[in-house]
Structure formats: structure tokens, C-alpha cells
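Trainee: Pasting the sequence and the predicted coordinates here, then a few questions.
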Amino acid sequence: MMSGKISLKTIIILVILVLVGVLGVLGVNTVKTYFSSAAAGAEPTAVLATPNSDGKSAVVTWTTEKAVQAVVEYGTTPASLLLRSVESDSTTDHHVTLTPLKSGVNYYFRIRVGEDTPYDNNGIPYSFKTKDSSEVVVVQPTVAVVPTGSATSCVQNKDYNNDGVINSLDYLQCIRSNGVKPTVGASGCAGGVDYNGDGTINSLDMIKCLQKK
């Protein structure tokens, strides 16, 4: 073989290297195109977290243009989203329940579609605060039936009979102590009397009285 000329073997090796390089570039572009098309339409919109009144759970909702199956990653700090709640099916209208949670605590979360596509609030995790279950709503008791001619000095939130419970019996005790008696109708049953002994004066007491007649 003449000196200075490229051998056939060298040419074949160069051609193979060129083909491998071209195929590699095409393969990378194909993968990029695949993932970009997969992410298109999967971005969450209208993201909303609604804590439940029990303080132990919350519901995260959002929508997507195309049906996808997502995962909500959440935790008590933006840097530790270690808890996961996975959707069971692909959908465009997403509802994911996060539980169990601690009451009165700030939680942070992001939404992940696939393994490499996390979505958050422009680089900052979404957040919400659970309800405080220690908060107690006090409802003042009311009197179901007020006997005719009751004393105006009686109030509805005082334990007149000292039984530790404020109810209709306390109001009745007050008006009786002021000399006001319940009105007795033609049936012989008096209005304003707790005939069934349930601590509340209402229409069931009159029915109970009539049943005894």
C-alpha cells in the first residue's frame, strides 16, 4: 500500500464515527421533543388548597389542558416536601386529599407530573395553613317555648336551677320564681313544661302530655 494514502479501514472507522454522532444528535433531539410534548398541557392552573374543618386534612384542586396523572409532594417546610399523595387516574380536573395533617400548621406543596416535571408557584412552593381544631365555637342556648306572661327580668344564658347546664329549664325556673305560671290549655296540658324530661321545652313535651291523657 502506498505511503501517505488513507487506508480503507481508516475510512470505514471514520464513516462509522460520523454516523454514530449523527444518530446521537437525532436521538437527543427526539427525546427532547418527546418530553416537551409530554409536558405541554400538563401545567397546573387554578391551583387551590382548601383545609378541612377537622384540622387534619386538606384538598388540593387544579386543572390541566390534557389528562395527566400527578403527584402532590408536601411537607411543613419548603425544603422538605417528603410526603406524597398520588392520583389514582389521569384526569384534567384534579382533586387530591392530603392527610393526616397537624392542626394549625403551615404546609407547603408542589405538583409533579412524571419524574422530572415539578410545578410550583414560580419557584416557590404553594402553601396553606390547616384549621386549628382547638378553636371551640360557643353557641348560646335558646328557649324553644316562652310561656305567656313570663317575667322580663329573666335572661336566657343563666343557670337558674344550678344544674351546671343552661337550657330551657333555667328560663322556666326563673319565671316561676317570679310568680308566673305556665298557661294550661283546654287539653289540660300546660305550655312551657318539660314533660319528657329531655331538658328542652318544645312541641314534643305537649305530645308527651297528651299521650298520658
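Mentor: Everything's here; your move. Residues are numbered from 1 along each chain as shown.
Trainee: Averaged pLDDT, stretch 10-17. What do you get?
Mentor: For stretch 10-17, mean pLDDT rounds to 78.
Trainee: Export it to CSV, keeping only CA atoms.
Mentor: Extracted in CSV, the C-alpha atoms of stretch 10-17 (Å, rounded to 0.1, in the frame of the first residue of the first chain):
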residue,chain,number,x,y,z
THR,A,10,-9.5,4.1,8.5
ILE,A,11,-12.2,5.4,6.1
ILE,A,12,-14.7,2.8,7.4
ILE,A,13,-13.9,3.8,11.0
LEU,A,14,-14.4,7.5,10.2
VAL,A,15,-17.7,6.8,8.5
ILE,A,16,-18.9,4.8,11.5
LEU,A,17,-18.0,7.6,13.9
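Trainee: what ranges do the helices span in the chain?
Mentor: Using DSSP state H, the helices of the chain run over 8-39, 168-177, 203-212.
Trainee: Quick check: Tyr195 vs Cys209, distance?
Mentor: Distance, Tyr195 to Cys209, by CB to CB, to the nearest Å: 5 Å. Placement of C-beta: from N, CA and C, glycine included.
Trainee: Now do the same for Pro125: its pLDDT.
Mentor: 95.
Trainee: how deep is it tucked in, by neighbour count?
Mentor: 19 (other CB atoms under 10 Å).
Trainee: Around the residue lying closest to it once chain neighbours are set aside, how many other residues sit close by?
Mentor: For Pro125, ignoring the flanking residues on the chain, the nearest one in space by CB to CB, 6 or more residues apart in numbering is Tyr108 at 4.0 Å. Tyr108 is flanked by 21 other residues according to other CB under 10 Å.
Trainee: next one: the one 3 residues further on
Mentor: Neighbours of Ile111 under the rule other CB under 10 Å: 26.
Trainee: Looks like it contacts Pro44 (just checking).
Mentor: Yes - contact criterion CB atoms under 8 Å: Ile111 and Pro44 qualify, at 5.0 Å.
Trainee: and the residue nearest to Pro125, how far is that from Glu87?
Mentor: Distance, Tyr108 to Glu87, using CB to CB: 19 Å.
Trainee: domain assignment for the chain?
Mentor: The chain breaks down by automatic domain parsing into domains covering 60-129, 138-213.
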